[in-house]
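Asker: Quick one, structure for this:
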Amino acid sequence: MTVVGIDDTDSRERGMCTTYVAARIAQRLRTDESATVSRLLLVRLNPAVEYKTRGNAALAIHTNCAPDRAFALAREQLEILSETGDERTNPGLVVADGDPSESGVPDDVSRFASAAIRDRLEIADAAALLERHGYRSWHAGNGRGRIGALAAIGARSALSEWTYEYISYRESDRWGTPREVDRESVFAAADEAYPAVWDTADRGEGETVCVPHTPGPILHGIRGDDPDAVRTVAERIESEPVADGRLFVTNQGTDVHLRDGSLETVEDGRAYRLEGRVVSEPETRRGGHVFVDLASPTDAPADGGPADDEPESGERLVCAAFEPTKRFRDRVRALRVGDRITACGEVSRGTLKLEKFAVRDLVRHERVTPTCSDCGRTMESAGRGQGYRCRDCDTRAAKKARRRLERDLEPGWYEVPPCARRHVAKPLVRGGFDAPTHPER
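Answerer: Reported below is the predicted structural model:
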């Protein structure tokens, strides 16, 4: 078996798509070399690295073609198709000879693939491994694409959970023009295949999520847990002519980018799953972004809320639901000081960009100034540490009273809507979570 890994062929402004380059290489392997292509692997890498294009995807082609011939053909296609006119596009190619499963990939290459999804790697890290194992490689520009290309080589052995995406491509003379896709057919196909097929459309926002807005070659991409189902949905969408289509095995929708951590140890450029306690009232700022502060959880019961006049101390992490997360912001606005949650998302400039959160404990009462049992008026402070008293009736209370709160949240997981979901983030509808779920669709 030969594995061809490629990355960084596209441009934010000029378009192109690395999945399309992989599809072209696969087609040429079949037609020019009479080779079998057993699998196209689409690997989403760390979504928090600053030099990525939108999806940060690397691709691997698993084939029985001889390594030398596969390398020559793949290099030719990268040189033709990569958007190297953009100085930020630095394509890379790696070809390895051997079984891409766990038994055929060196341990350090498998670890490299895992790190590329959860951590930050340097070009030198990839170059050292390429030299150590004698893999064939090629690059343009600074060669950053070799990081993703090598990660794609090791991904099959590094990861255990996979989903599918069927991508339909446009005729080349239509690239850069508005896409012609019948909106109603997208929603109808999405409804029929849900939940095996997910993130095709966003009912709440009325968006066809599967149709990109970039100038590249993709017409639409259908994601799900079943390969036949994603292909069927793609075929049922009415649109402009489809030039070609390919099925990809992918780590999309798996949350594999998240690492368990603590508020004290988070670092920029990585994505986390963190336990915490809400220590500030949610604040909506200019632009519609919603911010709330999280601190390490305490042993005090959440139901009573924070103690009277208790100063908050220790590490804090700002969590944000930005405007593109739309209705998810209302879930964040519904949080109260004292709630315990699990927050998930990437950290950038000291702020966690929320992708989903789980309510673990809700504050069910608030502490309020007591009322007089005789006259019903609100009491006043009797002085520092002396409780409260009614000046008219001289009745007293030692501390604040508890009042029941009506909450708009329930225990369980909440997520951003499909229109705001990262490719690698796991939709709640896929299941496997440790609490009840409240899926968006």
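Asker: Okay, now the unreliable bits of the stretch 51-200 of the chain?
Answerer: 52-54, 102 (pLDDT under 70).
Asker: 90 - rerun?
Answerer: Scanning the stretch 51-200 of the chain for pLDDT under 90 picks out 51-56, 82-90, 98-104, 141, 143, 176.
Asker: the helices in it, which residues?
Answerer: Using DSSP state H, counting those that start in this stretch, the helices of the stretch 51-200 of the chain run over 67-81, 107-118, 123-133, 145-158, 183-193.
Asker: now these in CSV, with mean neighbour count?
Answerer: To be clear about C-beta, it is placed using only N, CA and C from the backbone, and glycine gets the same treatment. Output for the helices of the stretch 51-200 of the chain, formatted as CSV (neighbours: other C-beta atoms under 10 Å):
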stretch, mean neighbour count
helix 67-81, 19
helix 107-118, 19
helix 123-133, 16
helix 145-158, 29
helix 183-193, 17
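Asker: Format the ones you listed as TSV; extra columns: distance to Asp361.
Answerer: Listed next are the helices of the stretch 51-200 of the chain as TSV, based on distance: least, C-beta to C-beta, whole Å:
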stretch	distance to Asp361
helix 67-81	52
helix 107-118	28
helix 123-133	41
helix 145-158	35
helix 183-193	35
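Asker: For Lys426, find the nearest of these.
Answerer: helix 107-118 (13.4 Å; C-beta to C-beta).
Asker: helices or strands up against that closest one?
Answerer: Using 3 or more C-beta pairs under 8 Å, 6 or more residues apart in numbering; DSSP states H and E, the elements in contact with helix 107-118 are strand 37-44, helix 123-133, helix 145-158.
Asker: Identify each buried residue in the first one, please.
Answerer: Read it as strand 37-44. Buried residues in strand 37-44, defined by neighbour count with 16 or more other C-beta atoms under 10 Å: Val37, Arg39, Leu40, Leu41, Leu42, Val43, Arg44.
Asker: what ranges do the strands span in the stretch 151-300 of the chain?
Answerer: 163-170, 197-198, 218-224, 242-250, 258-261, 270-278, 283-284, 290-295 (DSSP state E, counting those that start in this stretch).
Asker: Just tell me which of those strands ends up closest to Leu29.
Answerer: strand 242-250 (12.8 Å).
Asker: Next, the buried residues of the closest one.
Answerer: For strand 242-250, by 16+ other C-beta under 10 Å, it's Gly245, Arg246, Leu247, Phe248, Val249, Thr250.
Asker: got a list of what the fifth one touches?
Answerer: Val249 sits next to Arg39, Leu40, Leu41, Leu42, Trp162, Thr163, Tyr164 when contact means C-beta atoms under 8 Å, 6 or more residues apart in numbering.
Asker: Quick check: the residue nearest to Ala401 when sequence neighbours are not counted vs Arg364, distance?
Answerer: Counting by C-beta to C-beta, 6 or more residues apart in numbering, Ala401 lies nearest to Pro370, which is 4.1 Å off, once chain neighbours are set aside. With distances taken as C-beta to C-beta, to the nearest Å, Pro370 is found 18 Å from Arg364.
Asker: out of those two, which sits in the more crowded spot?
Answerer: Pro370 (21 against 17; other C-beta atoms under 10 Å).
Asker: just checking, Ala22 touches Arg39?
Answerer: No: assessed by C-beta atoms under 8 Å, Ala22 is found out of contact with Arg39, at 10.8 Å.
Asker: Which residues are in contact with each of the two?
Answerer: Ala60, Ile61.
Asker: Show the pLDDT at the residue nearest to Ala401.
Answerer: As predicted, Pro370 sits at a pLDDT of 87.
Asker: now swap in Ala300 and tell me
Answerer: At Ala300, pLDDT is 48.
Asker: quick one: the strands in the stretch 301-441 of the chain?
Answerer: Going by DSSP E, counting those that start in this stretch, the stretch 301-441 of the chain shows strands at 316-321, 340-348, 351-361, 365-368, 380-381, 388-389, 396-397, 401-404, 412-415, 437-438.
Asker: Make CSV from those strands and add distance to Ile123 and mean neighbour count to it.
Answerer: Shown next, in CSV, are the strands of the stretch 301-441 of the chain (distance: least, C-beta to C-beta, whole Å; neighbours: other C-beta atoms under 10 Å):
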stretch, distance to Ile123, mean neighbour count
strand 316-321, 31, 21
strand 340-348, 22, 22
strand 351-361, 26, 23
strand 365-368, 54, 14
strand 380-381, 64, 12
strand 388-389, 66, 20
strand 396-397, 67, 16
strand 401-404, 58, 12
strand 412-415, 35, 21
strand 437-438, 40, 18
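Asker: domain parsing for this protein?
Answerer: 2-158, 163-250, 258-364+405-438 (automatic domain parsing).
Asker: out of these, deepest packed?
Answerer: domain 2-158 (a mean of 21; mean count of other C-beta atoms under 10 Å).
Asker: would TSV of the strands of the stretch 301-441 of the chain with distance to Ala196 be doable?
Answerer: TSV is the format used below for the strands of the stretch 301-441 of the chain (distance: least, C-beta to C-beta, whole Å):
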stretch	distance to Ala196
strand 316-321	28
strand 340-348	24
strand 351-361	21
strand 365-368	42
strand 380-381	60
strand 388-389	59
strand 396-397	58
strand 401-404	42
strand 412-415	18
strand 437-438	16
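Asker: Indicate which one of those is closest to Ile117.
Answerer: The nearest among these, by C-beta to C-beta, is strand 340-348 at 12.1 Å.
Asker: which strands and helices sit next to the closest one?
Answerer: Partner elements for strand 340-348 (3+ C-beta pairs under 8 Å, 6+ apart): strand 270-278, strand 316-321, strand 351-361.
Asker: ok, of the buried residues of strand 242-250, which one's closest to Tyr272?
Answerer: Thr250 (22.2 Å).
Asker: Distance of the closest one relative to His423?
Answerer: For Thr250, the distance to His423 - C-beta to C-beta - is 8 Å.
Asker: can you list residues touching both of these two?
Answerer: Arg44.
Asker: Glu184: which of the strands of the stretch 301-441 of the chain is closest?
Answerer: Glu184 sits nearest to strand 412-415 of all the strands of the stretch 301-441 of the chain, at 25.5 Å, using C-beta to C-beta.
Asker: what pairs with that closest one, and is each one parallel or antiparallel?
Answerer: Applying DSSP bridges, strand 412-415 is found paired with strand 351-361 (antiparallel), strand 437-438 (parallel).
Asker: Quick check: mean pLDDT of the last one?
Answerer: With pLDDT averaged residue by residue, strand 437-438 scores 98.
Asker: got it, and stretch 389-405?
Answerer: For stretch 389-405, the mean per-residue pLDDT is 87.
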